[in-house]
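Okay, sequence plus prediction incoming.
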Amino acid sequence: MRLTAVEPRRDPRLIAVSDDPFNAETPLSQQVGVITPAPLHYVRSHFPIPRWDRLVVDGLVEHPLSLGIEDVLAMPSRSLVVTLECAGNGRQFLDPPVAGEQWGLGAVGTAEWTGVELRHIVGLARLDPRATEIVFAGADHGVAAGRRLAYERSLPVDEALDDDVLVAFGMNGEPLPADHGAPLRLVVPGSYGMASVKWVARIGAVDRPFRGHFQADRYIIDGKPLPPVAPRAVITSPADGAVVSGHIVVRGYCWSGGSPVARVELSSDGGRTWSDAEVQPPVSPYAWRRWSAEWSPRGPGDAVLVARAWTRDGGAQPMKQRATGHLGYMNNAAQPITVKVGAAT
């Protein structure tokens, strides 16, 4: 295993948040349709891009495996459209500010991921009944918390062996790009992106809770693992600060990792009154959905637009930020935009 200093070419439309390692947002204003093109999909990395060529399956298994990438590519595979969102999405809106990458609302994207069901690979190794968790280690290494370590996360066995957890090698019908975990990555639908370990090089079964840095010290709230992705609706058109006039259509996206989004509401007066938006049918249980609402401004001046999502179980996207720990995870508060309404012509 070795690290590479060679950075891939990146689309200049990505909204860079940090350079070393590279982290960037999806430019949501340019999102069209459900699928985010790979060059525009948000990038979240903790360490430099590694190079490696084998996947090891070990720990509490009867038949440890050492698989070449071609071995994985030869296994039965399927595709699934999944929205991934960084747990820190929306962090830049927190007041007071908190540490961490200062994401706006673009640390999210949707792709068609192609890969092998994780349970198939683990099944080949024959999981020991004593195993309670499965640990996933990325090939990427770096210094964090004052020591050198790999990016590692775990899942309880029952979650890891869900039908829709994939070891993915493809993205939108093409091989995985380097920024997104090539040649292999985990995709865990419904969970925040930290669970979908990139550059996955080892799958290890264990009989006790994994306490690695990125499991026990990061991506937690009040000492507990993050729950499924919280509901969110965002406005992608018009843009904040845009000048509008006449009858317009407000558009955006909504998603939730737990209970599905049941409806989206739009307010044009900063949240005092609301009207229902039209929400498109889902293309996948795990993919965001497009929504739109017609709006006719009453007169010139500033208007504050804000959207919020409601889930099937009655949960609502909050209007104000919640206390989410020292790193501000899961700040899904509705974010208003202000547009300038010109005189009708």
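Sure, I can see it. Residues are numbered from 1 along each chain as shown.

what residues go with each domain of this structure?
Under the assignment automatic domain parsing, the domains of the chain span 2-225, 232-341.

could those domains be laid out in TSV, adding mean pLDDT and mean neighbour count?
Every residue, glycine included, has its C-beta placed from N, CA and C. Listed next are the domains of the chain as TSV, based on pLDDT from 0 to 100; neighbours: other C-beta atoms under 10 Å:
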stretch	mean pLDDT	mean neighbour count
domain 2-225	96	18
domain 232-341	95	17
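
Quick check: residue 304 touching residue 337?
Yes: Residue 304 is within contact range of residue 337, at 7.4 Å (criterion: C-beta atoms under 8 Å).

for this structure, which residue is closest to the average position?
residue 85 (1.9 Å; C-alpha atoms, centre = their mean).

Just give the closest residue to that one, not the sequence neighbours.
residue 108 (4.1 Å; C-beta to C-beta, 6 or more residues apart in numbering).

just checking, the one you found touches residue 82?
No: using C-beta under 8 Å, residue 108 is not in contact with residue 82; the gap is 11.3 Å.

Find residues that contact each of those two.
Here residue 108 and residue 82 share no contacting residue, scored by C-beta atoms under 8 Å, 6 or more residues apart in numbering.

the helices in the stretch 101-250 of the chain, which residues?
Applying DSSP state H, counting those that start in this stretch to the stretch 101-250 of the chain gives helices spanning 118-125, 157-160.

looking at those, which is closest to residue 298?
Nearest to residue 298, of all the helices of the stretch 101-250 of the chain, is helix 157-160, at 49.4 Å by C-beta to C-beta.

who touches that closest one?
Residues contacting helix 157-160 (C-beta under 8 Å, 6+ apart): 118, 119, 122, 127, 131, 132, 133, 134, 165, 188, 205.

ok so, going back, quick one, which of the helices of the stretch 101-250 of the chain gets closest to residue 59.
Taking the helices of the stretch 101-250 of the chain one by one with C-beta to C-beta, helix 118-125 is closest: 8.9 Å.

Show me what that closest one is packed up against.
Based on contacts counted as 3 or more C-beta pairs under 8 Å, 6 or more residues apart in numbering; DSSP states H and E, the elements that helix 118-125 packs against are strand 54-59, strand 65-68, helix 157-160, strand 166-171, strand 200-206.
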